[in-house]
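S.K.: sequence-free structure coming up:
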């Protein structure tokens, strides 16, 4: 989905398959945006570096954990990162270092997106990667939500500081 580059700040969250971490971060960030700064025009999506789950809904455990916190990610469908994402989004944020390296290799030379780890925006955390909860238990999905909340707060503050004229 294209966006109007003049009026919106675009944020793309990226993990490997786009069914656990990145849709959770997308949902948490959407909720925070709606609750605290709905007047700010943002374009928010998520994607995966791999094509494992194109068209699939989020993992049921991710949906359940998110829903328990009032975050609805049930309508999401997995998609893979596209070259044009680096041109359409202002921020392309990887959930971990492996996906960041993959994104750097996919990034076109003409890209304008800021490419970083999502947790670089989470103040006070000494963790850089959002751990993949896929092969673990429910506590891993709770941790992803905690980290997504911390990263989202810092990211929204950064967007307000850098892109919004007061």
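M.R.: The structure has been received and is ready for your questions. None of the values given here were measured: they were computed from a predicted structure. Residues are numbered from 1 along each chain as shown.

S.K.: which elements pack onto whichever helix in the chain runs longest?
M.R.: Using DSSP state H to assign secondary structure, the helix with the most residues in the chain is helix 138-163. Helix 138-163 makes packing contacts with strand 9-15, helix 21-36, helix 60-68, strand 91-94 when contacts are defined by 3 or more C-beta pairs under 8 Å, 6 or more residues apart in numbering; DSSP states H and E. Every residue, glycine included, has its C-beta placed from N, CA and C.

S.K.: of these, which is nearest residue 129?
M.R.: Put simply, out of these the one that sits nearest residue 129 is strand 91-94, at 8.8 Å, with distance taken as C-beta to C-beta.

S.K.: still on that earlier bit, and the longest helix of the chain, how far from the chain's centre?
M.R.: Its chain's C-alpha centre lies 9 Å from the corresponding centre of helix 138-163 when counted by C-alpha atoms, centre = their mean, to the nearest Å.

S.K.: list the buried residues for that helix?
M.R.: Judged by neighbour count (16 or more other C-beta atoms under 10 Å), helix 138-163 contains these buried residues: 140-141, 143-145, 147-156, 159.

S.K.: please apply the same query to stretch 114-134.
M.R.: Counting neighbours by 16+ other C-beta under 10 Å, one finds that the buried residues in stretch 114-134 are 115, 117-119, 121-122, 129-130, 132-134.
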